[in-house]
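Chemist: show me how the following folds:
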Amino acid sequence: MIIPADWPAPAGLIAFTTTRIGGQSRAPFDSLNLGHHVGDSAADVAANRAVLQRHLGAGTQVQWLNQVHGTTVVAARDHGLPEADAAISTDPDIACAVLTADCLPVLFCDRGATCVAAAHAGWRGLQAGVLEATVAAMPCAPGDLLAWFGPAIGPAAFEVGAEVREAFYNSAALSQREETASCFTPSSREGHFLADIYQLARLRLESVGVSAISGGGLCTFSDEARFYSYRRDGKTGRMASVVCFA
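Modeler: Predicted coordinates for the structure are as follows:
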């Protein structure tokens, strides 16, 4: 039902991503859909979120977001549904979470276990700077941060147009333009490329001083048994990537 984050985080943190397994939603959301916005039964989503709650510390509440593929970062306060694509928590009772089904979820913590964050990095938000904005908003030095990449669409499946490649290239730091270009390989369709969203995210984090980066080996598109994929299925559920204090 969950995949623990495989990163050298300090003791006292909980970090994981859910799979699609272990809930009660019916097709095409079967079975552990955690997104209310996809057309699933509200009662089923509520029951599925109760399943997720059992993997958190007693009394921990989750700050959910209205994700819009932007760069807004909010402080997690467990009220409302802020329009944002990243949240930061220093509160032991509030967890940060993002929902994905091909986009890249990125979890953060600092080495002293004083703050945590979760960011939703689809290609638009990634290119616009959501990861850089998250790092800048955290109350600790970038060199003290650890990051973990959860499951996202892999480089063998993520086909994009030339305009996406151009947008990343033009917005990259001059020192990273060659490496950024290498994240795109021509696909079988003329004018299209296969993009490595994991490597693109790694370059963006390294550009702002975050070098302790883990994860990045799971493809949502190719693993239908475990993961939802919007690119593969269209109408589908959402996984959650969550980080909090134990």
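Chemist: name the residue most distant from the centre of this structure?
Modeler: When distances are taken from the C-alpha mean of the chain, residue 190 lies farthest, 29.8 Å away, according to CA atoms, centre = their mean.
Chemist: what is the one helix or strand residue 98 maps to packed up against?
Modeler: Counting by DSSP states H and E, the element that carries residue 98 is strand 94-100. Contact here means 3 or more CB pairs under 8 Å, 6 or more residues apart in numbering; DSSP states H and E; on that basis strand 94-100 packs against strand 61-63, strand 86-89, strand 116-121, strand 239-245. The C-beta positions use only the backbone N, C-alpha and C, and glycine is treated the same way.
Chemist: and the angle from the last one to strand 94-100?
Modeler: The reference is to strand 239-245. 160 degrees (axes from the mean of the first three to the mean of the last three CA atoms, to 10 degrees).
Chemist: gap between strand 239-245 and the chain center?
Modeler: Chain-centre distance of strand 239-245: 9 Å, with CA atoms, centre = their mean, to the nearest Å.
Chemist: same question for the shortest one.
Modeler: In terms of CA atoms, centre = their mean, the gap separating the centre of strand 61-63 from the centre of its chain is 16 Å.
Chemist: same question, the third one
Modeler: Relative to the mean C-alpha coordinate of its chain, strand 116-121 is positioned 6 Å out (CA atoms, centre = their mean).
Chemist: avg pLDDT for it?
Modeler: The average of the pLDDT scores along strand 116-121 is 98.
Chemist: do the shortest one as well
Modeler: Confidence for strand 61-63, expressed as mean pLDDT, is 96.
Chemist: partners of the residue most central in space within the chain in the sheet?
Modeler: In the chain, the C-alpha nearest the mean C-alpha coordinate belongs to residue 105, at 0.9 Å (CA atoms, centre = their mean). On DSSP bridges, the residues paired with residue 105 through beta bridges are residue 120.
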